[in-house]
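Novice: Kindly return the folded structure for what I paste below:
(2 chains)
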Amino acid sequence: TQLLEQSPQFLSIQEGENLTVYCNSSSVFSSLQWYRQEPGEGPVLLVTVVTGGEVKKLKRLTFQFGDARKDSSLHITAAQPGDTGLYLCAGGPTGAQKLVFGQGTRLTINP
Amino acid sequence: DAGVIQSPRHEVTEMGQEVTLRCKPISGHNSLFWYRQTMMRGLELLIYFNNNVPIDDSGMPEDRFSAKMPNASFSTLKIQPSEPRDSAVYFCASRASGGAADTQYFGPGTRLTVL
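Specialist: Here you go, the predicted model:
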């Protein structure tokens, strides 16, 4: 069974600070996605990365897929209260149609 | 587009009762997924369908759980009999094609409480 471990599980920081969330596995994934979930709602896709070493930017969010396609990171610059939420990474095993989700990182940005 | 629709949004029932959760995927999407989310176990895939056919039900916890997709626009997840440990938020998601890298669109979830 392929597993994805996210760290940290909880993170509370002040507005304006930078942060990085990690998603690690011992297995190779053909693709990796990051979702954000707000209370009372379903997860919403932020980004998909498919190439080892790939970097994608979404405004103040930077996503990177590891060279070996076993890990990924999400970096937020100058965090804002609107970034508060549960961030989930999800990997697509090679040849599979389903996703494996990490446990999530619950992020709180304090004004 | 209305997105993925789930009903009910909240369900409170007593142990032993039958519970039926409903999902309407986005029109034109070929794949449908049922997930369960708890604080302890996170988001777990229960079952998924391609073109209305169940492909992988290895995540279904036990025989008390069953899922059907009688047509492209409707799916149900049934728990009979329900137990307190089934309390969780159940999500339905749909996807346009068969690739894992493609976007899954999640519904708002059904919060189930079994007393």
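Novice: so where's the chain shaky on pLDDT?
Specialist: Going with chain A. Applying pLDDT under 70 to chain A flags residues A:1.
Novice: nope, chain B please
Specialist: B:1, B:98.
Novice: tell me which element the most centrally placed residue in it falls in.
Specialist: Centroid-nearest residue in chain B, with CA atoms, centre = their mean: residue B:34, separated by 3.0 Å. Following DSSP states H and E, one finds residue B:34 within strand B:31-38.
Novice: Tell me which other helices or strands that strand touches.
Specialist: Taking 3 or more CB pairs under 8 Å, 6 or more residues apart in numbering or on different chains; DSSP states H and E as contact, the helices and strands that strand B:31-38 lies on are strand B:42-50, strand B:74-79, strand B:88-95. In short, each C-beta sits where N, CA and C put it, glycine included.
Novice: Going by neighbour count, list what's buried in that strand.
Specialist: Buried residues in strand B:31-38, counted by 16 or more other CB atoms under 10 Å in any protein chain shown: B:31, B:32, B:33, B:34, B:35, B:36, B:37.
Novice: sorry, back to before: would you reformat the helices and strands packed on strand B:31-38 as TSV and include distance to residue A:31 and mean neighbour count?
Specialist: Formatted as TSV, the helices and strands packed on strand B:31-38 follow (distance: least, CB to CB, whole Å; neighbours: other CB atoms under 10 Å in any protein chain shown):
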stretch	distance to residue A:31	mean neighbour count
strand B:42-50	16	20
strand B:74-79	25	19
strand B:88-95	13	23
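Novice: any chance of those strands in JSON lines, plus distance to chain A?
Specialist: Shown next, in JSON lines, are the helices and strands packed on strand B:31-38 (distance: least, CB to the nearest CB, whole Å):
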{"stretch": "strand B:42-50", "distance to chain A": "4"}
{"stretch": "strand B:74-79", "distance to chain A": "15"}
{"stretch": "strand B:88-95", "distance to chain A": "5"}
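Novice: so residue B:85 sits in a helix?
Specialist: Yes. Under DSSP: H, G, I helix; E, B strand; the rest coil, residue B:85 falls within a helix.
Novice: returning to what we had before: what residues does the strand holding residue B:34 touch?
Specialist: With contact meaning CB atoms under 8 Å, 6 or more residues apart in numbering or on different chains, strand B:31-38 is reached by A:97-98, B:23, B:25, B:43-50, B:67, B:69, B:75, B:77, B:87-98, B:104, B:106, B:109.
Novice: same question, stretch A:11-21
Specialist: Contacts with stretch A:11-21, where a contact means CB under 8 Å, 6+ apart, come from A:6-8, A:73-81, A:87, A:105-111.
Novice: Could you pick out the buried ones from these?
Specialist: Among the contacts of stretch A:11-21, those classed as buried by 16+ other CB under 10 Å are A:6, A:73, A:74, A:75, A:76, A:79, A:87, A:105, A:106, A:107, A:109.
Novice: so what's the last one up against?
Specialist: Which is residue A:109. Residue A:109 touches A:13, A:14, A:15, A:79, A:80, A:81, A:82, A:83, A:84, counting by CB under 8 Å, 6+ apart.
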